[in-house]
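Chemist: fold the following and give me the result.
(one chain, ligands or ions: 1)
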Amino acid sequence: MTEKDEAVLLQQLAGIVGSTRVLTGPEDTAGYQQDWRGRYQGAALAVVLPATTSEVAAVVKACSALGVAIVPQGGNTGLVGGAVASLDQASILLNLSRMNRIREIDASNNSLVVEAGCILANVREVADQHKRQFPLLLGSVGSCEIGGLVSTNAGGTGVLRYGNMRELVLGLEVVLPDSAVWDGLRALRKDNSGYDLKQLFIGAEGTLGIVTAAVLKLFPKLAVSASAMVALPGVQQAVDLLRFLQEQVGQRIEAFEILSRRQIEIVVKHGHGLSSPMPLDAPFYVLIELADSSPTWDAGAELENVLAEALDRELLSDAVVATDLAKAERMWALRHNISECNKHAGFTVSNDTSVPVSRLPAFILGVTERIERVVAGACVCHAGHIGDGNIHVIAVLSRVMYSTPEQCEAAAAQVNLIVHEASVELGGSISAEHGVGRMHVQRLERFKPPVDLQMMRMVKAVFDPQGVMNPGKILR
Ligand code: FAD
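Modeler: You can find the predicted model right below:
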């Protein structure tokens with residue numbers, strides 16, 4: 001791209017969104033150009049901040065006329081480098097955070113229409129004000145945005161009960177790469193009138209179009225809940241305990257998360273004011289929450305009874321039930337602060353794989369042993385959504401032993417290969433909920449069957465023949 005073209009484009013963009021909404025100086029763009037983990041650095045020509053769908057469409061039109069790529073961005077909390085501009089193609093970062101209006105709430109239909117830039121915490125708050133619940137919950141709740149959550153098909157702790165983002169979206173509004181606006185904002189639970197087009201954009205990581213608004217599914221507000229932390233001798237017991245709980249309390253399991261002792265120790269060490277409510281002398285722990293919308297159900301008593309029964313059956317070795325909400329929140333803070341605390345513990349290589357739940361024990365045991373044998377000094381931690389078969393195997397490496405970027409990248413490649421090979425061998429996926437982004441493009445080529453890849457390339461070519469939508473992400 002010539003300097004003249006660049007100047008013309010920046011002027012056009014300023015004409016569309018206003019000159020103060022086109023950021024070009026390094027001091028203004030730095031926070032947008034780097035990913036959350038600080039692993040990828042982008043080189044977008046500008047960060048553009050539209051406020052309406054028509055502004056987004058006009059920006060797309062101006063960019064694609066010059067062959068300039070568009071990298072959509074929400075809260076920039078993604079963990080695979082998906083919202084960072086690639087270095088080898090002229091591009092702009094299109095940050096949707098200003099599109100943060102709640103357009104409509106229909107409490108009788110249990111649905112909510114929100115713009116892409118709405119922060120998840122705010123959406124949950126609005127639902128709560130209307131005596132409803134939007135159940136998606138993840139550690140980045142205070143920063144991640146609806147457009148990013150849709151585009152990564154985010155998961156989190158509520159998937160066991162409510163499904164991931166794909167199951168929580170009823171409709172979408174999308175600006176397509178040719179700048180046409182697709183109004184798919186329907187709030188229907190049944191619609192078999194042809195292909196379900198919204199599913200193409202959910203989990204597409206911004207490679208097929210820009211999500212500008214979504215219709216979300218709401219659920220009755222929860223009236224009662226109870227949480228517990230449970231010590232376990234191994235992963236098999238976690239799987240058995242989950243099955244036992246499901247038999248006893250059915251759909252009332254709001255969350256069931258596994259953490260290894262080493263992982264909790266890191267959180268306790270690096271998290272301000274965080275502590276474990278029980279001694280850390282078992283290899284694994286699960287955090288459990290039971291909840292219901294019926295105020296007459298005694299969640300605390302039910303949890304105590306079912307855990308006592310599980311103890312009798314030797315499904316667990318110890319348990320602590322939180323006696324009030326504040327204690328429950330402190331327990332859950334151990335889970336939600338993992339990513340933040342791991343950043344301080346060293347160079348972390350975090351994997352996001354899934355296998356069938358029944359194969360988790362063999363998977364975790366196998367990869368842990370191999371990583372510790374092959375990667376010098378690796379401290380392997382585990383955390384994850386065990387009910388979904390989704391485990392984060394996290395290798396923490398000392399910054400003294402791994403002091404250069406090259407050493408870190410080489411170790412990361414070793415760890416990832418071990419985990420990815422083992423997950424695929426056991427019928428799993430190399431990416432359960434974080435997506436592919438820039439990080440796993442080559443891995444996808446290696447592990448995804450050729451027919452899958454071919455179909456994905458065909459879809460991409462139909463929607464984005466010019467290759468301007470978030471190039472270099474998911475597919476080369
Ligand atoms: P970004 O990071 O800004 O973007 C993510 C991807 O979506 C990029 O490819 C981007 O180009 C694309 N995109 C963004 N907005 C749009 C749009 N409007 N239209 C089209 N494409 C768009 N993820 C989980 O699934 N489960 C977890 O439990 C979880 N826990 C986390 C905990 C922490 C502390 C952190 C930092 C992250 C966690 N994540 C988790 C990852 C991350 O929060 C999710 O991937 C989230 O969905 C990203 O949202 P975002 O708004 O920050 O998107």
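Chemist: count the residues that sit near residue 260.
Modeler: Using other C-beta atoms under 10 Å, residue 260 is surrounded by 23 other residues. Backbone N, C-alpha and C define where each C-beta goes, glycine included.
Chemist: and the residue in the stretch 351-476 of the chain positioned nearest to the ligand, helix, strand or coil?
Modeler: Nearest residue of the stretch 351-476 of the chain to the ligand, counting by C-beta to the nearest ligand atom: residue 433, 3.5 Å away. The three-state label given to residue 433 by DSSP: H, G, I helix; E, B strand; the rest coil is coil.
Chemist: would you confirm that it contacts residue 164?
Modeler: Yes. Between residue 433 and residue 164 there is a contact under C-beta atoms under 8 Å: 6.7 Å.
Chemist: which neighbours do those two share?
Modeler: Residues within reach of residue 433 and of residue 164 at once, by C-beta atoms under 8 Å, 6 or more residues apart in numbering, are 153, 154, 155, 156.
Chemist: dump those residues into CSV; add pLDDT, neighbour count and secondary structure as well.
Modeler: Shown next, in CSV, are those (pLDDT from 0 to 100; neighbours: other C-beta atoms under 10 Å; DSSP: H, G, I helix; E, B strand; the rest coil):
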residue, pLDDT, neighbour count, secondary structure
153, 98, 22, coil
154, 98, 27, coil
155, 95, 25, coil
156, 92, 25, coil
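Chemist: got a list of what the nearest residue to residue 233 once chain neighbours are set aside touches?
Modeler: Closest residue to residue 233 apart from its sequence neighbours, by C-beta to C-beta, 6 or more residues apart in numbering: residue 317 at 5.8 Å. By C-beta under 8 Å, 6+ apart, the contact set of residue 317 is 231, 232, 233, 282.
Chemist: cool, and residue 35?
Modeler: Residues counted as contacts of residue 35 (C-beta under 8 Å, 6+ apart) are 76, 78, 79, 81, 83, 84.
Chemist: assess the claim that the last one and residue 34 are in contact.
Modeler: Yes. Checked against C-beta under 8 Å, the pair residue 84 and residue 34 is within contact range at 7.0 Å.
Chemist: how close does the closest residue to residue 69 other than its chain neighbours sit to residue 459?
Modeler: Spatial nearest neighbour of residue 69, chain neighbours left out: residue 91 (3.7 Å); criterion: C-beta to C-beta, 6+ apart. For residue 91, the distance to residue 459 equals 21 Å [C-beta to C-beta, to the nearest Å].
Chemist: for the stretch 301-450 of the chain, what lies in contact range of the ligand?
Modeler: Residues of the stretch 301-450 of the chain lying close to the ligand by C-beta under 6 Å from any ligand atom are 339, 340, 433, 434, 437.
Chemist: now for these: which two are most distant?
Modeler: Greatest spatial distance among those (C-beta to C-beta): 340 and 437, at 19.6 Å.
Chemist: neighbour count winner among the two?
Modeler: Comparing residue 340 with residue 437 by other C-beta under 10 Å, the one with more neighbours is residue 437, at 24 against 15.
Chemist: check contacts around the nearest residue to residue 365 once chain neighbours are set aside.
Modeler: For residue 365, ignoring the flanking residues on the chain, the nearest one in space by C-beta to C-beta, 6+ apart is residue 235 at 7.2 Å. Contact analysis of residue 235 by C-beta under 8 Å, 6+ apart lists 258, 284, 360, 361, 364, 365, 386.
Chemist: on that earlier part again, name the member of the contacts of residue 317 with the most neighbours.
Modeler: Neighbour counts for those, by other C-beta under 10 Å, peak at residue 232, which reaches 22 neighbours.
Chemist: who does it form a beta bridge with?
Modeler: Assessed by DSSP bridges, residue 232 has beta-bridge partners residue 284.
Chemist: contacts for the lengthiest helix in the chain?
Modeler: In the chain, assigned by DSSP state H, the helix with the most residues is helix 405-425. Residues outside helix 405-425 that contact it (C-beta under 8 Å, 6+ apart) are 347, 349, 351, 353-355, 363, 366-367, 370-371, 374-375, 378, 393, 395, 397, 401-402, 429-430, 443, 447.
Chemist: among those, name the ones in helices.
Modeler: Judged by DSSP H, helices contain the following of the contacts of helix 405-425: 363, 366, 367, 370, 371, 374, 443, 447.
Chemist: and the helices in the stretch 1-150 of the chain?
Modeler: In the stretch 1-150 of the chain, helices defined by DSSP state H, counting those that start in this stretch lie at 3-17, 26-33, 53-65, 120-129, 146-152, listed in chain order.
Chemist: any regions of the stretch 301-450 of the chain where pLDDT drops low?
Modeler: Along the stretch 301-450 of the chain, no part satisfies pLDDT under 70.
Chemist: give me the number of neighbouring residues for the nearest residue to residue 283 once chain neighbours are set aside.
Modeler: Counting by C-beta to C-beta, 6+ apart, residue 283 lies nearest to residue 261, which is 5.7 Å off, once chain neighbours are set aside. Neighbour count for residue 261, taken as other C-beta under 10 Å: 17.
Chemist: and what of residue 344?
Modeler: Neighbour count for residue 344, taken as other C-beta under 10 Å: 11.
Chemist: separate out the buried members of the contacts of helix 405-425.
Modeler: Buried members of the contacts of helix 405-425, scored by 16 or more other C-beta atoms under 10 Å, are 347, 349, 351, 353-355, 363, 366-367, 370-371, 375, 378, 393, 395, 397, 402, 429-430, 443, 447.
Chemist: just the buried residues out of the contacts of residue 235, in PyMOL syntax.
Modeler: Entered in PyMOL, the line below selects the buried ones among those, by 16+ other C-beta under 10 Å:
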select buried, resi 258+284+360+361+364+386
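Chemist: could you pull out the strands for the stretch 151-300 of the chain?
Modeler: Here the stretch 151-300 of the chain has its strands, by DSSP state E, counting those that start in this stretch, at 169-175, 181-184, 210-217, 219-220, 224-232, 253-260, 284-292.
Chemist: among those, which is the most enclosed?
Modeler: Ranked by mean neighbour count under mean count of other C-beta atoms under 10 Å, the strands of the stretch 151-300 of the chain are led by strand 210-217, which reaches a mean of 26.
Chemist: identify the bridge partners of residue 174.
Modeler: residue 182, residue 211.
Chemist: surely it and residue 200 touch.
Modeler: No. In this structure, residue 174 is not within contact of residue 200 by C-beta under 8 Å, at 9.2 Å.
Chemist: count the neighbours of the residue of the stretch 151-300 of the chain found nearest the ligand for me.
Modeler: Proximity of the stretch 151-300 of the chain to the ligand (C-beta to the nearest ligand atom) peaks at residue 206, 2.9 Å away. Residue 206 has 28 neighbours, counted by other C-beta under 10 Å.
Chemist: also residue 293?
Modeler: 14.
Chemist: hmm, it is touching residue 225, no?
Modeler: No. Using C-beta under 8 Å, residue 293 is not in contact with residue 225, being 10.3 Å away.
Chemist: what residues are up against residue 475?
Modeler: Neighbouring residues of residue 475 by C-beta under 8 Å, 6+ apart: 207, 441, 444, 453, 456, 457, 460.
Chemist: now for these: which two are most distant?
Modeler: Counting by C-beta to C-beta, the most remote pair of the contacts of residue 475 is 207 and 453, 13.6 Å apart.
Chemist: stretch 40-57 vs the ligand: in contact?
Modeler: No. Residues of stretch 40-57 are not located near the ligand by C-beta under 6 Å from any ligand atom, the shortest gap being 8.7 Å.
Chemist: and that stretch, how far out from the chain's middle?
Modeler: Relative to its chain's centre, stretch 40-57 lies at 21 Å (C-alpha atoms, centre = their mean, to the nearest Å).
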